[in-house]
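*Asks:* From the sequence below, what's the structure:
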Amino acid sequence: MRLSTKGRYAVMAMVDLAATGQNRPIALADIAERQEISLSYLEQLFAKLRRGGLVRSVRGPGGGYLLARKSGETRISDIILAVDEPIRATRCAPGSPAGCTANKSRCATHDLWEELGNQIHLYLSSVTLEDVVANRILGSSRLLPASGAGAGLGAAAE
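*Replies:* Next up is the predicted model:
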């Protein structure tokens with residue numbers, strides 16, 4: 001399962017804004033350059049983030065975007081959901097009683113993938129922008145060996 005560029009870029013841009021926009025508006029062109037994201041794509045994402053109440057815009061010279069609330073109050077899941085990125089791992093439509101197979105039944109691994117999606121959502125709901133900016137993300141990804149028995153597991157997670 002992979003997170004689309006829409007969700008990934010929205011999080012990258014919001015982390016950039018949280019790290020650099022301490023009480024001053026930041027131009028999207030600056031974020032686009034630092035994060036190597038298309039400015040037009042970033043404009044589309046920030047329109048959704050603004051509608052979602054996560055950022056506010058300041059017009060005029062020296063204008064740009066500010067966080068709408070403190071970085072410790074903005075969860076990563078809020079950002080992903082604001083840009084209409086569903087957090088799910090199944091092929092089935094969310095909330096639908098019909099499954100994804102040809103006869104509309106659920107596949108044998110449906111519950112496995114649904115629970116994975118739930119765990120991803122729980123994790124992203126437990127992490128704030130402040131956590132990412134302050135490098136307080138705990139995990140074992142740095143502990144996996146570069147080669148050997150654990151290498152296959154690390155490569156599959158990417």
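*Asks:* residues touching the closest residue in space to Gly63 that isn't next to it in sequence, list them.
*Replies:* Using Cβ to Cβ, 6 or more residues apart in numbering and skipping residues adjacent in sequence, the residue nearest Gly63 is Pro25, 5.4 Å away. Quick note: C-beta positions are derived from backbone N, CA and C, even for glycine. The neighbours of Pro25, taking Cβ atoms under 8 Å, 6 or more residues apart in numbering as the test, are 57-58, 62-66.
*Asks:* repeat that for 6 Å
*Replies:* Counting by Cβ atoms under 6 Å, 6 or more residues apart in numbering, Pro25 makes contact with 58, 63-64, 66.
*Asks:* Glu130 now?
*Replies:* Applying Cβ under 6 Å, 6+ apart, we find Glu130 in contact with 71-72.
*Asks:* tell me the SS of Cys107?
*Replies:* Under DSSP: H, G, I helix; E, B strand; the rest coil, the three-state class of Cys107 is coil.
*Asks:* okay, the residue nearest to Gly63: pLDDT?
*Replies:* pLDDT, Pro25: 94.
*Asks:* Also Arg106?
*Replies:* 74.
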